[in-house]
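*Asks:* what's the 3D shape of this:
(2 chains, ligands or ions: 2)
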Amino acid sequence: MADVILKLKRNRPGSKAKDFCRWPDEPFEEMDSTLAVQQFIQQTIRRDPANLEAILKMPEAQDEGVWKYEHLRQFCMELNGLAVRLQSECNPETCPQMTATEQWIFLCAAHKTPKECPAIDYTRHTLDGAACLLNSNKYFPSRVSIKESSVAKLGSVCRRVYRIFSHAYFHHRAIFDAFEKETHLCKRFTDFVTKYSIISKDILILPKLDDEPPITQPVGESEA
Amino acid sequence: MKIPTAMDDSSVSHHNGGQVGSQIGVSVNNKQNEESSQSVQYSIPGVLHFIQHEWARFELERSQWEVDRAEFEARIAFLQGERKGQENLKNDLVRRIKMLEYALKQERAKFHKLKYGVELQQGDMRPPPEEPPQEPEPAERAQWKQGRQLIKQYLQEIGYTDTILDVRSNKVRTLLGLNNEDQGEETSYRNCEKQQHYSMNTALSRKMYDYGAKDQRKTGVSQGSGYSDEGLSVQETAAVFANFEFLANQEMDMDEIDDVEAKQMHHAAGKQGEEVDHEADEVLNELNLLTASEADGGGQGDEYAVGVKYPTGTAAVTGEADEKPLALGELAQLTVSNESEGYDVASASKESFRKTWNAKYTLRSHFDGVRALAFHPTEAALVTASEDHTLKLWNLQRTVPAKKSAGLDVEPLYTFRAHSAPVLCLAMGAPRSEECFSGGLDGTIRVWNLPPATADPYDPYDPSVQGPVLREHTDAVWSLASAQGRLLSASADGTARLWAPRTPRPLLCTLRDELSAAATPAAADFADAATRAAVVYRDGNLLLYDLETGQSVLRVSCDSPANRVRSHPTLPLLVTAHEDRHIRFWDAVSGRCAHAMVAHLDAVTGLALDPNGLFLLSGSHDCSVRLWNLDTKTCVQEITAHRKKFDESILDVAFHPLRPYIASAGADGLAKVFV
Ligand SMILES: [Zn+2]
Ligand SMILES: [Zn+2]
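*Replies:* Ligands and ions are numbered 1, 2, ... in the order given. Predicted coordinates:
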């Protein structure tokens, strides 16, 4: 009985932080919960956040829409960590506009009419808006099957979310690097949107993160 | 769904421009283009259809307004009735004062006469003037009744009675909830002195019997709820009159009372008439019946408390308060009024639990399991804490109707970001209601200044929302409780700590189990009017610490790991939730296990006591929330609320301190509120 209890995958009150979610992996086929995809993604990330190939490898016979949806939920959730760090340094005085390179000023789409929010507000509003959209009962009523029309919504969330990475990269590099070293989140995100062709390659303006010296910016290109 | 749509719109405009990163101006131009292309090509059928559509819409709105108006009218009627009730109460009290004065003067005169053998010359020796009962003019009364009947009928047709009843019970609870705390304590500690009694039921009914034996009049009063004690005490007035000879000739209109009793709302009408009696001992018998029938109802869930007699008391007040004769309470009642009000609170809260709880609001916005939730002390608002590193503030009065279901979706008012790891626990400020505290896996405790209920989620970021951060814990903080401006935390670092969160040196005290260095606290709660701290440990031990000395004063051992501890708001009783599916009740004085029960099919994770200490709410990894009657320890209702993630399901449950809301938080990332 005690054995069975100990094997249960739960975080009991009083657990040490290092033991949080530290249980043996469960094969995806054996997960019978409606949240199986989330469980599986989180389990793979926990095992090795740097192993992007494993994290993005979709189990066989998995609905691709749900797979992309759950990954995007996970990205937005982990981006809270970047937002927390940005809150300490990025403010309307330092960054009155949401910019990456100086080429574009991004308008915040969380308002009735898109608005020129300061970068920190853009970041928060975009994450809050994404939380609302991705949890919306109207577009995503189920976490086991997703309408094609709703899957199409993921693209616009991804584009906005990417701007948070790029703002951090170009304006708060120390924060970005520390966060990236820990989470590999931007790299994972870039691989994800590339693998599933969710957003156009042209707007992935960050240099390849593995390369030490950043490549010169491909400035001035026009987007078709 | 304001936000997603907004996001859509702008994304559409981006695509139209063939542009992905939006430049200033470009998206605006696109918008205008779209609009102009939409504003062409009217056709007659099109226009007609539009007009029809608009007409239907206006009709719909009109009927909506009418419904609203009826609701407000009913509310006005309710408030007017309530005001009359209050006026009667006031008049009654004034009369009692006059009677007291008169009695005192008579006593003085008697004393004087006996001592000196002469009449004392006092100023005013007339008995207080007998005001005629303030009955409304017959015509006015008939009109009033008729009007009320009409509204009631109309409301029943459109199914609004329940809402009104809710408003009412809510109101009564609010009124009575205000003064229950200190009285409750009084009750509990008297009990504690006499003999340890853990069951509210025995404690309460035993007291009632005490009064019954000593002075039957009091029993009748204690039985009534809120305002109805006036009505019931009328039954006792006969006895009172015997004490006041000068009032003996006043007539009692017993029919009038029957009238009041018979005019109950439909749901209890059947049980009502036959149980009206005017003898105190019969009232006592009734009390027995009553407790028995409650116990029965308890098991059935749906039927719970339908047979209870007093919920209708308020109904009588709302409409008919002006019709009953003035309730002339006895003098003795003045001295015991505290106790009798204590019972009133009890019965009033029973009233609000009369109905079954139904899921009403679904709070979806967290990306991962919701670990904790806490209601605002007064408002219809709550805060949730999640493994997605954020906390969210929700205003239940700002909702989005969900498609295809009776429930409502709520969008968060504010997202609190500062923790760098899952947030595990949460406490609302007490007594300051504009703050809350959160503890996380990152070992920090954070103080937050709550934004106003009118805040827009897309306002600019205000760094002053973040208050002080308490960093002394060296491992995950799993439990927080707040009382009297102090905060109690329990952490995986092996300590529980007491804080004064906003002072320069916030850490007041560190509590450790001296006998077992490796013991890790799982949860903690204030006990005994916040003079003690109850801490349960992962190994199952329960320790009670004196917060003055920081020393443990009571140790209880239990072999099953515990997840939660809550102390009873009024009795010296601690409740613990265990991994072995049990809920255990402990006497906080002797340490004796007062009761243990298998409460769920899986580990019990969440516990909450209602503010009056009559009901217990529990949540479990078996996916269900259960409501328990603390008197009988029977399950009153079970709700399946959340889905599983890994082997976890429900992580926390809560009662609103004032309003009739309960809530559950789940590993599925949702929080639900039941009404
Ligand atoms: Zn910035
Ligand atoms: Zn914005």
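*Asks:* and the helix or strand hosting B:Lys90, what other elements does it pack with?
*Replies:* Assigned by DSSP states H and E, B:Lys90 belongs to helix B:44-116. If contacts are counted by 3 or more CB pairs under 8 Å, 6 or more residues apart in numbering or on different chains; DSSP states H and E, helix B:44-116 sits against helix B:138-157, helix B:161-177, helix B:228-243, helix B:313-320, helix B:331-352. Backbone N, C-alpha and C define where each C-beta goes, glycine included.
*Asks:* Show me the strands in chain A, by range?
*Replies:* Across chain A, reading from the start of the chain, the strands by DSSP state E fall at A:98-99, A:105-106.
*Asks:* Give the pairing partners of the first one; include direction for each.
*Replies:* Spelled out, that is strand A:98-99. Next to strand A:98-99 in the sheet, as set by DSSP bridges, lie strand A:105-106 (antiparallel).
*Asks:* how about the partner strand, does it get close to ligand 1?
*Replies:* No - Strand A:105-106 lies apart from ligand 1 when judged by CB under 5 Å from the ion; the minimum separation is 12.0 Å.
*Asks:* Please compute how far that strand lies from its chain's middle.
*Replies:* In terms of CA atoms, centre = their mean, to the nearest Å, the gap separating the centre of strand A:105-106 from the centre of its chain is 20 Å.
*Asks:* ok, back up a step: now, of the strands of chain A, which is deepest in the fold?
*Replies:* A comparison of those by mean neighbour count, using mean count of other CB atoms under 10 Å in any protein chain shown, puts strand A:98-99 on top with a mean of 22.
*Asks:* Give me the contacts around that strand.
*Replies:* Counting by CB atoms under 8 Å, 6 or more residues apart in numbering or on different chains, the neighbours of strand A:98-99 from elsewhere in the structure are A:105-108, A:116-119, A:122-123, A:163, A:167, A:170-171.
*Asks:* buried sites along stretch B:471-482?
*Replies:* Using 16 or more other CB atoms under 10 Å in any protein chain shown as the test for burial, stretch B:471-482 gives B:Glu472, B:His473, B:Asp475, B:Ala476, B:Val477, B:Trp478, B:Ser479, B:Leu480, B:Ala481, B:Ser482.
*Asks:* Enumerate every residue touching the third one.
*Replies:* Neighbour list for B:Asp475: A:Lys16, A:Ala17, B:Gly443, B:Ser491, B:Ala492, B:Asp493, B:Gly494 [criterion: CB under 8 Å, 6+ apart].
*Asks:* Then A:Asp25?
*Replies:* Residues counted as contacts of A:Asp25 (CB under 8 Å, 6+ apart) are A:Gln43, A:Arg47.
*Asks:* re earlier: going by distance to B:Pro504, which of the contacts of B:Asp475 wins?
*Replies:* Using CB to CB, B:Gly443 comes nearest to B:Pro504 of the contacts of B:Asp475, at 20.9 Å.
*Asks:* which residues sit in contact with the residue nearest to that closest one when sequence neighbours are not counted?
*Replies:* Of all residues beyond its chain neighbours, the one nearest B:Gly443 is B:His473 (4.8 Å), with distances taken as CB to CB, 6 or more residues apart in numbering or on different chains. Shown in contact with B:His473 (CB under 8 Å, 6+ apart): B:Gly439, B:Gly443, B:Thr444, B:Ile445, B:Ser489, B:Ser491, B:Asp493, B:Thr495, B:Arg497.
*Asks:* repeat that with 7 Å
*Replies:* B:Gly443, B:Ile445, B:Ser489, B:Ser491, B:Asp493, B:Arg497 (CB atoms under 7 Å, 6 or more residues apart in numbering or on different chains).
*Asks:* which among the residues you listed gets closest to chain A?
*Replies:* Closest approach between the contacts of B:His473 and chain A, by CB to the nearest CB: B:Gly443, at 6.9 Å.
*Asks:* Is there proximity between stretch A:117-127 and ligand 2?
*Replies:* Yes - applying CB under 5 Å from the ion, one finds stretch A:117-127 in contact with ligand 2 at A:Cys117, A:Asp121, A:His125.
*Asks:* give me the element B:Ala534 is part of.
*Replies:* strand B:532-537.
*Asks:* State the mean pLDDT of the next helix or strand after that strand.
*Replies:* Using DSSP H and E, the helix or strand that directly follows strand B:532-537 along the chain is strand B:542-546. Average pLDDT, strand B:542-546: 94.
*Asks:* farthest pair in the buried residues of stretch B:471-482?
*Replies:* Within these, two members stand farthest from each other by CB to CB: B:Asp475 and B:Ser482, at 20.9 Å.
*Asks:* which of the contacts of B:Asp475 are buried?
*Replies:* A:Ala17, B:Gly443, B:Ser491, B:Ala492, B:Asp493, B:Gly494.
*Asks:* which residues of the chain score low on pLDDT?
*Replies:* Picked chain A for this. Along chain A, the parts satisfying pLDDT under 70 run over A:1-6, A:209-224.
*Asks:* actually chain B
*Replies:* Per-residue confidence for chain B (pLDDT under 70) gives these ranges: B:1-40, B:118-145, B:147-355, B:400-407.
*Asks:* for chain A, which residue is closest to the average position?
*Replies:* Closest residue to the average C-alpha location of chain A: A:Phe75 at 1.7 Å, with CA atoms, centre = their mean.
*Asks:* Contact partners for that residue?
*Replies:* Taking CB under 7 Å, 6+ apart as the definition, contacts of A:Phe75 comprise A:Val161, A:Leu185, A:Phe189.
*Asks:* now that we have those, which one has the most neighbours?
*Replies:* Neighbour counts for these were taken using other CB atoms under 10 Å in any protein chain shown; the highest belongs to A:Phe189, which has 25 neighbours.
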